[in-house]
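Asks: Everything below, folded, please.
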Amino acid sequence: MGSKERRAVAIPLQTAGLLSTLIILISAVYEVLAANHLYPTQYFLLALLLGSLAMWAFLEVATISRHHSIQGLKGLQWILAIQIGVLAARHWQDFDPQLIEASSALRRARPDLSQAWFFLPVYLLLFLAISRSLIEIFAAAERERANQLQQQMLILSQTKADLEASEARYRSFFNLPLVGTAITDIEQRWVAVNDKTISLLGYGREELFSRTWMELTHPDDLAQEMALFTRMQRNEIHGYQIEKRFIRKDGSIVHTLMAGGKGLRNGSTPDWFHMNIIDISDRKLVEAKLNKAQQRETAIAQQQRSQLEQKLKTSLTASAVVHEIQQPLACILLNCRLAEASVRQLPEATIPAALRNQLSQLTANGDQVTATMERVRMLLRNVETQPAPLDLTINIESSLIYLQQALQENQIQLICHGLHQPCPLMGDGAQLQSAVVNLIRNAIQAMEQQPPCSRKLLLRLDDRSDHVVIQVADSGPGFPHDYRGTTSWELLRSTKASGMGIGLFLAQTAAINHGGCLRIGRHDELRGAEVIIEIPRRPQVMS
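Replies: Below is the predicted model of the structure:
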C-alpha cells in the first residue's frame, strides 16, 4: 500500500474515531440533562446530532471497505452499525412532543438515573470496542507497512548487490588491458579512460582530461570523423567505426581502429559517447611492408614479362630464321663433310694446310649453327607426345657419343656412375636426350676458363624404386649467388657471356613434361654447378 493509499485510509479511520469520541461525550451530556430533566426541548436536536455523527462515522468506514480489504474493518463497520441502533433505541421517544412536555413538567422532580445507568455503560463499551477496532486496524496497517518496508529493503539490498555486481562487471570490462576504453561528452572532452588509453596516447590522466579527442586526432582524419560524429549527434546513426591516427604527447603517430556509440541520459539527446580503441600500428606497418613487397613483385613481374616477351619475340624470329636456312645449311654441311672426306683421301702435299684448316673450321662452324638451331627448335617444341618404352642408359650414352668430340677437345675428365646397367622408363627419348645434351654443353662451356687439369664432369644415373634421378655436375664456377632458378625467367637467364639461356629451360621443360622436376645447386665435391632431374616411373604429364 502506497503512502497516498495509507493516507486515504487513515483519515477516514481517524475521523470515525473522533466522531465516536464526540458521540460518547455528547451522549454523556445528554444522559446528565435527561436525568435532571434539563432543557427537554433540546433533546430532539441532541438526538439528531448524535444520529448524524453516528451515521457519518459509519459511512466513513463503509467507504473504506468498498475500496480496500483491511483486517478488522468489517468488525468496526458492524460496531458502528450497532452504535446507530443503540442511539436510535435510546432517543426514539425524543421525537414525541407529548413526552417533551411531560419532561418539562417534571423538571423540578427528582432526577431519574435509571436509564443513564443502563446506557452510559453501553456507550462506554461501544466506544471501547470502536477504539479497540481502530487500534487493531492501525496495528495491522503498521504491520503490513513494516512488511512492505522490509520487502522494499530486501529489494533495495538485492538491487544494490545487483548494481554493485553490474558495476564490477562494467569496471572489469572497462579496464581491460588489451583495448583502450573511454567515455567522452558532447564537447569531445574525455570523461573517463582506462589505463590502456593512457598508455596508448602517452598523456597523464589529468593532462588528457584537459584536452579533447579532436585536439589529439591527426588533421587528415579529423574531417571524416567529425562528419560521422555530427551524424551520430543528430541520431542519424547509432555509432560508427573508423581507422584513425592519434597524435601522442611525444609527437609520434599511433594508428588505431576506433568504434564508438552514443549514450542517452536526457531523453533522446545523446550527451556522452563510449568508444573502444585498438592499436593497429603493427598491422599498418605490416600492410606498408606488404604494399612495398607487392609493388616490388609487380615491378619484377613486369620486368620478367617484358623479358619473356622479348625472349618469345627472339624465339619466333629464330624459328623463322631456322625455317629459312635449315634446307640450304643442310646442303652446305653435307658438301663440307664430303669435301673434307675427299681432302683426307688426297696426299697432304697436294692440299695446302691453310685450306685444310679453313675446311675444318667451316665444318665446325656449320655444326655449331646446326646445334644452335636444334636448341631453338627444341625450345619452340610444345606438342603432346605419346610415352614409349626406352632405356635411359642407352639414351644418355648416345648423348655422350654425340658430344664425345667436344669433351675430348676441351680435355674434360668424365666421371660416370650408374650407366653400367639398363634403366627402363616410359617417356619421350628425344626430349630427355636433348635435356642431357644441353646440360652437358652448359657444363663444358662453364669450364672453359678453368685449367684443363681441373675440368671434371660428373654424370650420374640413379635408378630408384619410384623415380629416376639424372645428375650433371661440373668443376666450374657454379651458379651466381643471386641465381635461384625457381622461375622460367631465371632459367632463361644465361650465366655465361656467350650463352643463349636456353639449356636449363629445355631441361626443365623435359622434366615437367615427364611429370618430374628440375633442381639446381652447388656440388659438394666438385664445387661447381649441379643440376638434378627427377622423373617418376609413371609420368602424369607428357606434353
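Asks: list the contacts for the residue nearest to residue 257 when sequence neighbours are not counted?
Replies: Sequence neighbours aside, residue 278 is the residue nearest to residue 257 in space, at 4.6 Å (criterion: C-beta to C-beta, 6 or more residues apart in numbering). C-betas here are computed from N, CA, C, even on glycine. Applying C-beta atoms under 8 Å, 6 or more residues apart in numbering, we find residue 278 in contact with 179, 180, 256, 257, 258.
Asks: Can I get those residues in a markdown table including distance to residue 137?
Replies: Output for the contacts of residue 278, formatted as a markdown table (distance: C-beta to C-beta, whole Å):
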| residue | distance to residue 137 |
| --- | --- |
| 179 | 61 |
| 180 | 63 |
| 256 | 69 |
| 257 | 68 |
| 258 | 65 |
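Asks: Now residue 403: closest residue in space, sequence neighbours ignored.
Replies: residue 440 (5.5 Å).
Asks: Show me which positions of the helix or strand hosting the one you found end up buried.
Replies: In this assignment (DSSP states H and E), residue 440 forms part of helix 429-446. Under the neighbour-count criterion of 16 or more other C-beta atoms under 10 Å, helix 429-446 has 429, 431-446 buried.
Asks: for that helix, what is the average pLDDT?
Replies: Mean pLDDT, computed over helix 429-446, is 86.
Asks: swap in stretch 41-60?
Replies: pLDDT averaged over stretch 41-60 gives 85.
Asks: What of stretch 180-192?
Replies: In the prediction, stretch 180-192 has an average pLDDT of 85.
Asks: Stretch 121-135 too?
Replies: Stretch 121-135 shows a mean pLDDT of 86.
Asks: for stretch 12-21, same thing?
Replies: What stretch 12-21 shows for mean pLDDT is 86.
Asks: What are the contacting residues of it?
Replies: The contact list for stretch 12-21, computed with C-beta under 8 Å, 6+ apart, reads 53-54, 56-57, 60-61, 63-64, 76, 80, 83, 126-127, 130-131, 134, 137-138.
Asks: Could you export that stretch as PDB, CA atoms only?
Replies: Coordinates of each C-alpha in stretch 12-21 appear next as PDB, following Å, rounded to 0.1, in the frame of the first residue of the first chain:
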ATOM      1  CA  PRO A  12     -11.500   8.300   7.500                       C
ATOM      2  CA  LEU A  13     -10.500   6.000  10.300                       C
ATOM      3  CA  GLN A  14      -9.300   9.000  12.400                       C
ATOM      4  CA  THR A  15     -12.500  10.800  11.500                       C
ATOM      5  CA  ALA A  16     -14.500   7.800  12.700                       C
ATOM      6  CA  GLY A  17     -12.600   7.600  16.000                       C
ATOM      7  CA  LEU A  18     -13.000  11.400  16.600                       C
ATOM      8  CA  LEU A  19     -16.800  11.100  15.800                       C
ATOM      9  CA  SER A  20     -17.000   8.200  18.300                       C
ATOM     10  CA  THR A  21     -15.400  10.300  20.900                       C
END
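Asks: Just the buried residues of that stretch, please?
Replies: 12, 13, 16, 17, 19, 20.
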